[in-house]
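Trainee: heads up, no residue letters with this:
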């Protein structure tokens, strides 16, 4: 059983899964909100050549803020999960 635990710790599967989840969050959020944010910005800023570039930057900033909030939530959740797993491991190690 000890060898199994060592191999799992070496692989750091939770870290790999969290990285994959964070990447998926970023991609899904960016794709799903892109058109909605662009339309919102276009309704606020009238269409012209200069405002189109400004609108793109505003949309990119909005998506970045949203993804950052989701990433922060996921990282805090991961820390909470790690603490709970450590407590469970401590209970089993006592025996």
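Mentor: In hand now; what should we look at? Predicted model only: the values in this text are computed from it and were never measured.
Trainee: any idea of the pLDDT on the nearest residue to residue 78 once chain neighbours are set aside?
Mentor: Leaving out its chain neighbours, the residue that sits closest to residue 78 by CB to CB, 6 or more residues apart in numbering is residue 18, at 5.3 Å. In this view, the C-beta of every residue, glycine as well, is placed from N, C-alpha and C. Per-residue confidence (pLDDT) for residue 18: 83.
Trainee: With residue 2 instead?
Mentor: Confidence score, pLDDT, at residue 2: 64.
Trainee: those helices in this protein, which residues are they?
Mentor: All helices of the chain, identified by DSSP state H, fall at 2-11, 13-44, 49-94.
Trainee: Mean neighbour count for those - can I get that in JSON lines?
Mentor: Shown next, in JSON lines, are the helices of the chain (neighbours: other CB atoms under 10 Å):
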{"stretch": "helix 2-11", "mean neighbour count": "9"}
{"stretch": "helix 13-44", "mean neighbour count": "13"}
{"stretch": "helix 49-94", "mean neighbour count": "12"}
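Trainee: which intervals of this protein have sub-threshold pLDDT?
Mentor: In the predicted model of the chain, residues 1-2, 4-5, 7-11, 47-51, 95 satisfy pLDDT under 70.
Trainee: how close does the closest residue to residue 81 other than its chain neighbours get to residue 6?
Mentor: Computed as CB to CB, 6+ apart, the closest residue to residue 81 that is not its neighbour in sequence is residue 14, at 7.7 Å. For residue 14, the distance to residue 6 equals 15 Å [CB to CB, to the nearest Å].
Trainee: and if you look at residue 20?
Mentor: Distance from residue 20 to residue 6, by CB to CB: 23 Å.
Trainee: do the same with residue 37
Mentor: For residue 37, the distance to residue 6 equals 47 Å [CB to CB].
Trainee: go on, residue 93?
Mentor: Following CB to CB, the distance that separates residue 93 from residue 6 is 14 Å.
Trainee: again, but for residue 13
Mentor: Counting by CB to CB, the gap from residue 13 to residue 6 is 13 Å.
Trainee: Next: residue 90.
Mentor: 17 Å.
Trainee: Check residue 82 too.
Mentor: Taken as CB to CB, the span from residue 82 to residue 6 is 18 Å.
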